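Q: Build me a model from this:
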Amino acid sequence: MFVDSQPADPGIHETAVRMARRCRHIIQACLREEEWSDADREFYRVCREELEQWRASASRHTGREVPRP
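A: Numbering: from 1, shown residues only. Below is the predicted model:
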């Protein structure tokens, strides 16, 4: 389960930030510049949650920890 107050694994954090910015870039023309950081934050939450779920699922299936992204 995703919890905002928990620190992210550094690899997941870095990957989620990159993904969030790329997602925002797709819709950036529809946003005012002051909305960019809000979009980054929302995309980050979704990307981080999905990456953490993927890693947990992959670890359960393989029985070992999945390497960092």
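
Q: In the helix ranked longest in the chain, which residues are buried?
A: When the chain is parsed with DSSP state H, its longest helix is helix 36-62. For helix 36-62, burial by neighbour count (16 or more other CB atoms under 10 Å) applies to Ala39, Asp40, Phe43, Tyr44, Cys47, Arg48, Leu51, Glu52, Arg55. Any C-beta I mention is one placed from the backbone N, CA and C, and that applies to glycine too.

Q: So which elements touch it?
A: helix 10-27 (3 or more CB pairs under 8 Å, 6 or more residues apart in numbering; DSSP states H and E).

Q: List the contacts of the helix it packs on.
A: The contact list for helix 10-27 (CB atoms under 8 Å, 6 or more residues apart in numbering) reads 8, 31, 36, 39-41, 43-44, 46-48, 51-52, 55, 68-69.

Q: do that again at 7 Å, thanks
A: Helix 10-27 has contacts (CB atoms under 7 Å, 6 or more residues apart in numbering) with Ala8, Trp36, Ala39, Asp40, Phe43, Tyr44, Cys47, Arg48, Leu51, Glu52, Arg68, Pro69.
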